[in-house]
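Q: Predicted coordinates and the sequence they were generated for:
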Amino acid sequence: MSLLKIEGLHAEVDGHPILKGVDLEVASGRVEAIMGPNGSGKSTLQHVLMGRPGYTVTAGTVTLDGTDLLALPTHERAAAGLFVGLQYPVEIPGIGFVEFLSEALAATGRRATGSGAGIAEVVRLEADRLGLATALLDRPLNVGLSGGEKKRLETIQLAVLAPKIAILDELDSGLDVDALRQVSQRVESLTHPGDAGAAAGREPLGVLVITHYNRLLFELRPDRVHVFIAGQIVESGGPELAAELEQTGYEQIARRHGLSSTQAFVAPPDPFADPGF
Ligand code: ADP
Ligand code: MG
């Protein structure tokens, strides 16, 4: 069983404080959901956890099973068992998906889960399961794929790499209803691998899912919902909190916590709209 532990995390970008004291735990087999308005710092949290250049941690700690993640370069965080699903998956023209995944798997020092089958075979089975045309697997990584296809590919990576903890940013962006259901159900099943999974050496996945929308959470049912406003978690509750947000919006919660709407809702142009790396 694994535990990602974030304590008192403060971080800034270009000298601007964005994260203002985040405390959160994500354990194996659990789904923690972060919901919050645009520009509140949700993606920043993900970037900081993965160690993206340009983000400076000014206070706090992040550990995975006691290992200080903040002291590690990005690839070692991945090797330690952290997986990040990007809001905008990156296109890499020079490399095929299976080749990419083999490299990624080798870097973690693990083998493909799922019996003794080779990685290409495991990938094909996962693609079937997610309703992704297998012909797309032979394309250069993500090149020319729709948003839904990219997210399905990313979900295959997640299933094959079998990290301890996955942070999935806007998993629902660009997904139609069918893709949303397939992807959420696959992620959900990874959090409950059952007897077959246990036999294949799978630990239940722990998930931190970041989303604007309640609809994702019908499929990928969170154990806890955390409302994220102005760089911090201001309220946490059960799944019913997501339903409440749908009704009331964020503004009421912001006010309850003494945050003015300007503080809570500044949404300047998103500097991360371009994947950048
Ligand atoms: P979310 O994912 O919640 O929509 P982000 O984490 O993408 O929010 O952005 C949080 C805030 O950080 C935004 O207000 C954004 O404009 C700000 N920000 C990010 N990078 C910079 C920067 N280089 N300079 C100033 N502000 C920045
Ligand atoms: Mg974002």
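A: Right, received. Where do you want to start? Bear in mind the structure is a predicted one, so any value in this text is a computation, not a measurement. Ligands and ions are numbered 1, 2, ... in the order given.
Q: Check the secondary structure at the residue of the chain at minimum distance from ligand 2 for me.
A: Here the chain gets closest to ligand 2 at one residue, Ser43, 3.2 Å apart by CB to the ion. In short, each C-beta sits where N, CA and C put it, glycine included. Taking DSSP: H, G, I helix; E, B strand; the rest coil as the rule, one finds Ser43 in the helix state.
Q: Tell me how many other residues crowd it.
A: Ser43: 21 surrounding residues under other CB atoms under 10 Å.
Q: hang on, it packs against Ser173?
A: No - the pair Ser43 / Ser173 is not scored as a contact, 11.1 Å apart, by CB atoms under 8 Å.
Q: How much space separates Gly258 from Gly36?
A: Distance, Gly258 to Gly36, using CB to CB, to the nearest Å: 16 Å.
Q: Looking at these two, which one has more neighbours?
A: Here Gly258 and Gly36 are set side by side on neighbour count (other CB under 10 Å), and the busier one is Gly36, at 26 against 8.
Q: Which phi and psi values does the more buried one adopt?
A: phi -170, psi 160 (degrees, to the nearest 10).
Q: and what of Tyr55?
A: According to degrees, to the nearest 10, Tyr55 has phi -110, psi 120.
Q: where do the strands sit along the stretch 151-277 of the chain?
A: 165-169, 206-211, 224-229, 232-237 (DSSP state E, counting those that start in this stretch).
Q: Please tabulate those in JSON lines, including the columns distance to ligand 1 and mean neighbour count.
A: Formatted as JSON lines, the strands of the stretch 151-277 of the chain follow (distance: least, CB to the nearest ligand atom, whole Å; neighbours: other CB atoms under 10 Å):
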{"stretch": "strand 165-169", "distance to ligand 1": "7", "mean neighbour count": "25"}
{"stretch": "strand 206-211", "distance to ligand 1": "7", "mean neighbour count": "25"}
{"stretch": "strand 224-229", "distance to ligand 1": "7", "mean neighbour count": "22"}
{"stretch": "strand 232-237", "distance to ligand 1": "12", "mean neighbour count": "17"}
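Q: With respect to Leu4, which of these lies nearest?
A: For the strands of the stretch 151-277 of the chain, proximity to Leu4 was assessed by CB to CB; strand 165-169 is nearest, at 4.6 Å.
Q: Test my guess that Leu45 contacts Asp23.
A: No - the pair Leu45 and Asp23 does not pass the contact test of CB under 8 Å, sitting 11.6 Å apart.
Q: Neighbour count for those two, which is higher?
A: More crowded of Leu45 and Asp23, by other CB under 10 Å: Leu45, with 28 against 14.
Q: check contacts around the more buried one.
A: 9, 19, 22, 34, 210, 228 (CB atoms under 8 Å, 6 or more residues apart in numbering).
Q: From Arg124, how far out is it?
A: The gap separating Leu45 from Arg124 is 34 Å, by CB to CB.
Q: By mean pLDDT, which helix or strand of the chain comes out lowest?
A: The helix or strand of the chain with the poorest confidence is helix 261-265; it has a mean of 53 (mean pLDDT, DSSP states H and E).
Q: just to revisit the earlier point, any chance of the contacts of Leu45 in a markdown table, plus pLDDT?
A: Compiled in a markdown table, these are given as follows (pLDDT from 0 to 100):
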| residue | pLDDT |
| --- | --- |
| Leu9 | 98 |
| Leu19 | 97 |
| Val22 | 98 |
| Ile34 | 96 |
| Ile210 | 92 |
| Phe228 | 95 |
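Q: and for Leu45 and Asp23, which residues touch both?
A: Both Leu45 and Asp23 are contacted by Leu9, under the criterion CB under 8 Å, 6+ apart.
Q: quick one: the residue nearest to Arg129 when sequence neighbours are not counted from Leu70, how far?
A: Leaving aside its sequence neighbours, Arg129 sits nearest to Arg186 (CB to CB, 6 or more residues apart in numbering; 6.5 Å). Separation of Arg186 from Leu70 (CB to CB) stands at 30 Å.
Q: These two: who's more crowded?
A: Using other CB under 10 Å as the criterion, Arg186 and Leu70 rank with Arg186 on top: 19 against 16.
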